[in-house]
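S.K.: next one to model:
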Amino acid sequence: MLLAFLRFIKRYILVKIKPNQIILIGFFLVILAGAILLTLPIASQDGRSIGFVDALFTATSATCVTGLVVVDTYSHWTMFGKVVILLLIQTGGLGFMTVATMLSFALRRTITMRERLLMVESLNNESLQGIVRLVRHILIGTFLFEGTGAVILALRFIPDFGLWGGITKGIFHSVSSFCNAGFDLMGEREPFSSLTTYSGDWVVNLTIMALIVIGGLGFMVWEDILQNRRWRNFRLHTKLVLVMTMLLIVGGAFAIGVLEWNNPKTLVDASASEKILIPLFQSVTSRTAGYNTVDLTSMRSASLMVIIILMFIGGSSGSTAGGVKTTTIGVLLLTCLAVIRGHSGVNVFGRQIKRQVILRVLVILVISIVLVIVGTMLVLVLDEKDFLATLFEVVSAFGTVGLTMSLTPQLSDASLVILSAIMYLGRVGVMTAAFAIALRGGEGNSVRYPEGNVMVG
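M.R.: Residues are numbered from 1 along each chain as shown. The predicted structure follows:
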């Protein structure tokens, strides 16, 4: 049904509007379709509709691969509801245009020029050249990684949940991890428990971390690695993504480990495996996925601030992850370093970063910070909850992460709508939304004025 809906969108709606507007409308329509399906009584275990606002929030969280929930996924939703959520996660992770293109492949249809332009916009690609091949590689790689992860996790879960339970949990968590969604089915043991019972399990932790990192690197990075295979041949984007990803994982794990090392509620009584895995897993999942292997409300405030920073940064451009992106922060840091050193340009790995890229970074950061501040203020006004918990929830929504300090189920409908809007903007991208709303498509201004000086600092 979802594929038929996507086909309808592609044939009758997408041909009339601009690519960046199509991305916004397409995601919105997918969310709306998912919300309608989740409001059906057949989707809930008790046979009653969950209500439109809660269904809309869940559909938005799934499509925007976030993971924030108002009800426990395992205990509330029927198999029908879980399948709808899983399809929304897969559609949101790949991008609805990639899923629509998959339908064209299945029907052996020729990909039109407009569809290729839409794919370029959706994937943040630089050109039309090889775009169909790229989408084909994305689909093959996605199902290969998800399939491998599903087999490994199923083999680990079967002894705990039985054959059917192990297989379904293996598939669900593999797709959710790769798409950086953070939805889980561990409520069978305890509602909203996420992966806390597997905090010291090497198989579960390493498999899910690998899926999260691979999904968060970005499809263009995959293609570059597949084609060039050697570091010296990689594009600048790929090198910056790989370096920033490694620095954030290691730096985040070190910071969380040091801050929590003497915390009696988290690591003091943890096993040797848990002392290694918990900080590392939390560093990986905090940027993109939303799983947790430790109770976040037991962590120190400083550790929560580290997680907030990681959530705000997010994954990489053109990936299944949200946030301002690793490359954005990388370019920002390089720009600061260049200015401090008095350099005329921003150079890295033997290349100079374009001025337009630097300006785009500044715009993304400003809009993102304003969005988080306004969202936090609105939720505080509406519900008057703890400031840190509210900020944590809003940044989690913006970064499409899904980590929570157990605040989401306590929020009013108005706050849930606000968080839904923030998740939506975080997934489609603030620049895409800005261009679509401005109806400009990103064209530059050809008028040049005399330079003027402004005192700063």
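
S.K.: SS state for the residue nearest to the spatial centre of the chain?
M.R.: The residue lying closest to the centre of the chain (Cα atoms, centre = their mean) is Ala321, at 2.8 Å. Counting by DSSP: H, G, I helix; E, B strand; the rest coil, the backbone at Ala321 sits in coil.

S.K.: correct me, but it touches Gly314?
M.R.: Yes: between Ala321 and Gly314 there is a contact at 5.2 Å, judged by Cβ atoms under 8 Å. The C-beta positions use only the backbone N, C-alpha and C, and glycine is treated the same way.

S.K.: shared neighbours, the two?
M.R.: Shared contacts of Ala321 and Gly314 (Cβ atoms under 8 Å, 6 or more residues apart in numbering): Gly216, Arg287, Thr288, Thr400.

S.K.: before we move on, which element is the first one in?
M.R.: Using DSSP states H and E, Gly216 sits within helix 202-217.

S.K.: who does that helix touch, helix- and strand-wise?
M.R.: Other helices and strands packing on helix 202-217, by 3 or more Cβ pairs under 8 Å, 6 or more residues apart in numbering; DSSP states H and E, are helix 131-178, helix 236-260, helix 272-288.

S.K.: of all the ones you listed, which one is nearest Trp222?
M.R.: Closest to Trp222 of those is helix 131-178 (Cβ to Cβ; 5.7 Å).

S.K.: same for that closest one, what does it pack against?
M.R.: Applying 3+ Cβ pairs under 8 Å, 6+ apart, we find helix 131-178 packed against helix 79-94, helix 96-106, helix 113-123, helix 202-217, helix 219-228.

S.K.: any idea of the angle it forms with helix 202-217?
M.R.: Interaxial angle, helix 131-178 versus helix 202-217 (axes from the mean of the first three to the mean of the last three Cα atoms, to 10 degrees): 140 degrees.

S.K.: relative to helix 272-288, how tilted is helix 131-178?
M.R.: Here helix 131-178 points in a direction 130 degrees away from that of helix 272-288 (the same axes, to 10 degrees).

S.K.: what's the mean pLDDT across helix 131-178?
M.R.: Mean per-residue pLDDT for helix 131-178: 90.

S.K.: quick one, it and helix 219-228 angle?
M.R.: Counting by the same axes, to 10 degrees, helix 131-178 lies at 120 degrees to helix 219-228.

S.K.: please compute how far helix 131-178 lies from its chain's middle.
M.R.: When distances are taken as Cα atoms, centre = their mean, to the nearest Å, helix 131-178 is centred 17 Å away from the chain's centroid.

S.K.: just want the angle from that helix to helix 79-94.
M.R.: 130 degrees.

S.K.: ok, Gly290 - contacts?
M.R.: With Cβ under 8 Å, 6+ apart, Gly290 has these contacts: Thr66, Gly67, Leu68, Asn180, Ala181, Gly182, Ser396, Val401, Gly402, Leu403.

S.K.: in a helix, that's where it is, yeah?
M.R.: No: counting by three-state DSSP, Gly290 is not part of a helix but coil.

S.K.: so how far is Ala43 from it?
M.R.: Distance of Gly290 to Ala43, computed by Cβ to Cβ, to the nearest Å: 22 Å.

S.K.: about what we covered before: just the mean pLDDT for the helix holding Gly216, thanks.
M.R.: Helix 202-217 comes out at a mean pLDDT of 92.

S.K.: what angle do that helix and helix 236-260 make?
M.R.: Orientation check (the same axes, to 10 degrees): helix 202-217 against helix 236-260 gives 140 degrees.

S.K.: can you list contacts of helix 202-217?
M.R.: Contact partners of helix 202-217, identified using Cβ under 8 Å, 6+ apart, comprise 93, 145-146, 149, 152-153, 156, 173-174, 177-180, 195, 198-199, 241-242, 245, 249, 273, 277, 280-281, 284-285, 287-289, 291, 293, 314-316, 319-321.
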